[in-house]
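Chemist: My questions concern the predicted model and sequence given below.
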Amino acid sequence: MRIGELAALAGVTPRTVRHYHHLGLMPEPERRANGYRDYGLRHALVLARIRRLTELGLGLAEVRDVLADEAGRELVEVLEELDADLARQQAGIAERRARLAVLMGQAREGLLPAEGPVSDDLAGLLGVLAPSPSPMAAKDRAHLALFDTVLAEEDRERMFGALRSLTGAPGAAARVEALYRRLDGLVDAPADDPRVDPLARELAELIPDEILGDWARDGGQRAFAGGFGEAFLADFAPAQAAVVERLVGLLAERAKGPA
């Protein structure tokens, strides 16, 4: 048989057959006088088996192991591993579908935040935040969604739990909204605007100690000196960025405690 005939018989392409030769999955056939490969039934049997194994989900490296073991012991081991992997995938899919069901339910009831999907920790925080027309409030929510993704679970729970307690306190919502509006007022101001330091100090007073954690020891301030810090600050107007930088410095000083 020519390579095209063999490929058509097994339901693959000639390119696939050549790839299997390249990987050593199929033995090279003898060649005719004109240089063309001459395939026999043995090659068709091997090719058909390769197709059956790959359709089960085996990778080509695993197929090679199976074909190399005449006794079939390797096949049993590989199939058991494949079955275990499929079970893990199935469990993962079930977990994702359960999460999607919750999100779809929230969406139908109008409870899914615009930043969603988010973790339950952030969803709880966003649920207690009062709606605000402030551009800075919208930016803050977007930043919270970013932290929701990049923070470790323990840090995320601590941060959002503390913020939730803070924002749920009497009078806190009005105070936060007033601070947002003051930050909005700095959108066209220079970085050395005299309002920067007082506003940063008021914001620092709002930050609970639980959020600081090991800020000084783990380099919380240094994190804003690298590429992330540059990108984060670039998202603000100059005076607003100056408030954030001053805030970070104040929090680092507080975390270190008295000298």
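Modeler: Cool, got the structure. Numbering: from 1, shown residues only.
Chemist: longest helix anywhere in the protein?
Modeler: When the chain is parsed with DSSP state H, its longest helix is helix 73-108.
Chemist: ok, and for that one, which residues are buried?
Modeler: In terms of neighbour count (16 or more other C-beta atoms under 10 Å), helix 73-108 has its buried residues at 74-75, 78-79, 82. (Glycine included, C-beta is placed from N, CA and C.)
Chemist: Now the two most distant members of those.
Modeler: Using C-beta to C-beta, the pair of the buried residues of helix 73-108 lying farthest apart is Glu74 and Leu82, separated by 12.2 Å.
Chemist: the bottom helix or strand of this protein by mean pLDDT?
Modeler: Every helix and strand of the chain was ranked by mean pLDDT, DSSP states H and E. The lowest is helix 215-218, at a mean of 48.
Chemist: Now the element after that one, going C-ward?
Modeler: Per DSSP states H and E, the first helix or strand lying C-terminal to helix 215-218 is helix 227-233.
Chemist: okay, which residue is most central for the chain?
Modeler: Residue closest to the average C-alpha location in the chain (C-alpha atoms, centre = their mean): Thr149, at 6.5 Å.
Chemist: so that residue is in which element?
Modeler: Using DSSP H and E, Thr149 sits within helix 135-150.
Chemist: Just the C-alphas of the helix or strand that that helix is followed by, formatted as CSV.
Modeler: Downstream of helix 135-150, the first helix or strand assigned by DSSP H and E is helix 153-167. Listed next in CSV are the C-alpha coordinates belonging to helix 153-167 (Å, rounded to 0.1, in the frame of the first residue of the first chain):
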residue,chain,number,x,y,z
GLU,A,153,-6.3,33.2,49.6
GLU,A,154,-5.3,34.0,53.2
ASP,A,155,-4.3,37.6,52.4
ARG,A,156,-7.5,38.1,50.4
GLU,A,157,-9.7,36.8,53.2
ARG,A,158,-8.0,39.0,55.8
MET,A,159,-8.0,42.1,53.5
PHE,A,160,-11.6,41.9,52.3
GLY,A,161,-12.9,40.8,55.7
ALA,A,162,-11.3,43.8,57.4
LEU,A,163,-12.6,46.2,54.7
ARG,A,164,-16.1,44.7,55.0
SER,A,165,-16.1,45.4,58.7
LEU,A,166,-14.8,48.9,58.1
THR,A,167,-17.4,49.8,55.4
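Chemist: average model confidence for helix 153-167?
Modeler: For helix 153-167, the mean per-residue pLDDT is 80.
Chemist: contacting residues around that helix?
Modeler: For helix 153-167, contacts defined as C-beta atoms under 8 Å, 6 or more residues apart in numbering pick out 119, 121-122, 124-125, 128-129, 144, 147-148, 151, 172-173, 176, 206, 208, 210-211, 213.
Chemist: out of these, which are buried?
Modeler: Buried residues within the contacts of helix 153-167, counting neighbours by 16+ other C-beta under 10 Å: 119, 121-122, 125, 129, 144, 148, 151, 176, 211, 213.
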